[in-house]
Structure formats: structure tokens, C-alpha cells
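Trainee: Just a sequence and a predicted model for now, questions to come.
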Amino acid sequence: MSLLRAYAAFNFPLTLDEAYYWTWSLHPSFGYTDHPPMVAWLITLGALFGHSYGAVRLPFIIAEAFAALAAGMAAKILVGSSRAGAYAAIVFALIPQTKLEFAECIPDGAYITSWALALWAAAALGRRTSPQATIALGAALAACVYSRTFGWALVFGIAAWAIVTRRDLLRPVAAACAIAVVAYIPFLMWNASVGWETFAFEFVHRQSMAFGLGMLLNVVTLRTLLFGLLIVALTWFVALRRTPALPLVAWTALPLPVILFALSFATQTETYWILGPAASLAIGCGAVLGRTTAWCRSVALTILGIATAAATAPAIFLALPESAQAAAFHAAPSLRRQFASGMYAYRPLADDLRADAARGVTIYTDRYETSSELLWYGIPSYIVVQRGQLAQWMRWYRPAAVPQHAELVLPATNTGAAFDIPPYLYAAYAHVGTARRLDYRYAGEPEGTFYVTQLDDALPASRRVLPGM
């Protein structure tokens, strides 16, 4: 799986989210608006190997490989069987999540890796207490909460495991949790200095709450709910009902899906939030597969393999050379609808804007992802729309003066139409031109459409009316 991920990682352009997180790595910090900083730190490490797709993703490829080994080692210790460890590592490697198949440089890779490492450390601590195991568990828990805020569910689960079933481990587990809490203090201090920006964004701007069954009409939320229920059911079967019971697996796999079950009735939930519990479940599945019949193992791994192949296929296909994709689209035109990405449009867009930028025209965009993609290809730009992350963006990129000549770059809507020009641009510039359309193709098929509007002669009120200026 690591080899497949490496192929996709080194050949497919950065996705919109990846480019956005890459911009974080240009501004090292203990905190960012959207998430804790672990993703930016890993990207910074990868960038030491060069400015390429594969370089910035390399730490995530390695991390996900280590995560599978960590899950296997945890299962081996908990069950006392190398066979169980081997199957746990296989199940972990076959988690059907497309974001993992690209080894995307997003928070999920660090989140699931630190979760698996914490389980390994907790299992080792349960076998024999030692200062080394305690410190390892504390460091893994700290890495987990620095990867995603949901990492605190793991801290809670391991603490509950010690309190309920392993009271002999209360002191070392408490010490490990204390390490995580102390390590979290710089992140809290950073947040305090910017008005608790991360928590306000995560719990107010991004996840507004409105209880009602109507939330389940959202496909992503419904899918998260169903996957969460599946994790709960399988955890009951593999960790609690069967002998030997695996309370560490149960306490780390169950709490977060239960919380997300409740949240699903109030806000949109995402499937990748439960990747941590899925890592715990992989350990329980490894224990069961290690004891079951060869026929049952074959059926279970075949089903999981088919699901993983379906998640991996888009990553591998999108990383193929343009000629190979073109041949596939020619042979089966319906493939285009299934494998459209739009990511191959940003390099030619940047090339078309390069000449304008070179003669002093400033590039405006309406979203951080577009601005990040352009910056990856060497075109700086500014955000001129009010969004939750605007304060962070202004700290990094705020012009000394409003430019006299600018171009607003907007992606086409889902219907291919142009976005309406924001009214405040007419209050900011004396001359607002007619949008010109830029169409890009890849492998012989439409890849992306953008509209570019010329803005000239900034008015006195421009600084006041333009967001981000």
C-alpha cells in the first residue's frame, strides 16, 4: 500500500486542501485557525527534500506505513500473538479512505498515525510499566491532540481504560496524560493571543449547531453516521463479546463515534473524523482474524480489499500520465465523470497569470484554496472575501497599500457560469472590466474554468470596503 501511495503522491498535483495546508508551513507556528499545527510541521519536514508533490507528502507516506506497524505491534502485545499483529497491520493498511491512498498532506495522516502509536505505547505500558513506555504514551497523545482536536477523545479513552479496567496503571497513565496536557499549553497560549481563533472557527464558524432530523439528509453526515454505527457494532463484536476481551480497543474505539452520532443530528459530520477509532478497531479485527478459520479470513479480507481497491483506484488513475488518462477517456468516456479532479488546471492558470503578475498586476481570489494553489506555482495573490480564516490570512498576506491594478480570479460555478462580482469591488475600483473566461483541458477533457476580471484605479474607500486589505 505504501508503494501505491508513493506513486500517487509523487505524480498527482496537490489538492486544494493540501495547498492550503502547505501555506501554513511557510509560517511556522504553534497554532492555526482551522486545526492544530502538526500537519504544517510535517509538511515543513517534507519540504526540506524539495518543492514537489512527493516531497511534501513524503512524511505522510512514511507516517502511514509506521501507523500500520504500530497497530500490528499493539495487537501482538494485547493478544500475545504475532498472527494477530500481522492481521491487524493488514486491516489497518486496508482502511478504505481515499485521502489516505494519496498520502495527502492533511491532518488525517498525522492523526491516525499518532493514534496508532499511542495504542502501541498503551499496550506496552499495560504489559510492563516503565518510564520509557509512559513517556512514549505521553508523546503520542500529545502528537494526536496536536493533529486534530478530536485527538482528545483518545486521551479520554485511554484514561477511562486505566480507571475502569487497569487501576494498576493509574499513575503512569495519569503521567502520560499530563505530558499531553503540558505539551498542549503552547497551542493554548497561541490561541489566547489571537482571541481563541481555532476554537471559535471549529465550534462556531465551521460547525454551526441546529438540532433536527433534517441534518441526516446530508449525504456526508449520513455516511459518517452509518460508518460510526458500523465501528460501534464491530467493536462490540471483536473487543467486548469475544474472549479475550480488549478493553483498550473498546475504550478508544467507542467514545468518538458515539459523540459523532449525537452531533449528526445537529451539524454536518465527516467520515475522516473516525479514522482514529478505525485504527483501534483494526487491532480488534486483527485479534479475531488471527483466531478464525481460513475461510472467514479470506471472506473478510476480500470484502475489505474490494472496498480499499475502490478507494485506491481514483488515486492511481489520477496520477497516471496524461496520455494514459486520455486513452482511458477515449475508450470509456463515462470515466471522466468518475475521475474528474480539476487539480491539473492550476498550473496552466498560474502560467497564464504569470505575465500579468510580472507587469505589476495584483491577483485577487475569493478563496484560500485557489490562492494557495497559485502560490504553490509561484503566483502570490490576496483574498478579497470575508471568510472565517481571513484574520490569519491577513496576518500573513496584507499589502501595504491597495493596488491600483488588479485581477479578480474566480473559479466557475458548478454549472459553469461566472460568479457575480461582489458589490464592494465596484466601491473599491473606478473601472471594473468584463470577466474573461479561461478554459483548461487535461487528457483531452475539460479540467477547469476560471473567470478573470480586470480592476483598475483604486478609489479612496477601497481600503475600507475590501476584506483582507
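Mentor: That came through, no problem.

Trainee: Asp439 and Gln97, how far apart?
Mentor: Counting by Cβ to Cβ, to the nearest Å, the separation of Asp439 from Gln97 is 32 Å. Backbone N, C-alpha and C define where each C-beta goes, glycine included.

Trainee: May I see the buried residues of stretch 288-308?
Mentor: Buried residues in stretch 288-308, counted by 16 or more other Cβ atoms under 10 Å: Val288, Leu289, Gly290, Arg291, Arg297, Ala300, Leu301, Leu304, Thr308.

Trainee: In terms of packing, which of Asp439 and Gln97 has more residues around it?
Mentor: Gln97 (20 against 12; other Cβ atoms under 10 Å).

Trainee: Provide a list of residues in contact with that one.
Mentor: Asp108, Thr271, Tyr272, Leu275, Ala311 (Cβ atoms under 8 Å, 6 or more residues apart in numbering).

Trainee: For these, give me TSV that also has secondary structure, pLDDT and distance to Val91.
Mentor: Shown next, in TSV, are the contacts of Gln97 (DSSP: H, G, I helix; E, B strand; the rest coil; pLDDT from 0 to 100; distance: Cβ to Cβ, whole Å):
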residue	secondary structure	pLDDT	distance to Val91
Asp108	helix	91	17
Thr271	helix	83	17
Tyr272	helix	84	18
Leu275	helix	91	13
Ala311	helix	79	14
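
Trainee: Can you tell me which of those is closest to Phe329?
Mentor: Ala311 (21.0 Å; Cβ to Cβ).

Trainee: wait, the closest one sits on Phe102?
Mentor: No - between Ala311 and Phe102 there is no contact under Cβ atoms under 8 Å: 10.0 Å.

Trainee: Compare those two (neighbour count), which wins?
Mentor: For Ala311 versus Phe102, neighbours defined as other Cβ under 10 Å are more numerous around Phe102 (28 against 16).

Trainee: Can you pull the phi/psi pair for that one?
Mentor: When read as degrees, to the nearest 10, the backbone of Phe102 gives phi -80, psi -10.

Trainee: re the thing from before, next, give me the two most distant ones among the buried residues of stretch 288-308.
Mentor: Arg291 and Thr308 (22.8 Å).

Trainee: Worst mean pLDDT across the helices and strands of this structure, which element?
Mentor: One helix or strand of the chain scores below all others by mean pLDDT, DSSP states H and E: helix 98-101, with a mean of 71.

Trainee: how far does that helix sit from the chain's center?
Mentor: Distance of helix 98-101 from the chain centroid (Cα atoms, centre = their mean, to the nearest Å) equals 9 Å.

Trainee: do the same with stretch 301-313
Mentor: Relative to its chain's centre, stretch 301-313 lies at 21 Å (Cα atoms, centre = their mean).

Trainee: nearest residue to the residue nearest the centre of the chain other than its sequence neighbours?
Mentor: What sits nearest the mean C-alpha location of the chain, by Cα atoms, centre = their mean, is Ile106, with 3.7 Å. Among residues not flanking Ile106 along the chain, Asp17 sits closest, at 5.4 Å (Cβ to Cβ, 6 or more residues apart in numbering).

Trainee: Over to Leu408: give its phi and psi.
Mentor: Per degrees, to the nearest 10, the backbone of Leu408 is at phi -90, psi 120.

Trainee: close enough to count as contact, it and Leu466?
Mentor: No - Leu408 lies out of contact with Leu466 (Cβ under 8 Å); the separation is 10.8 Å.
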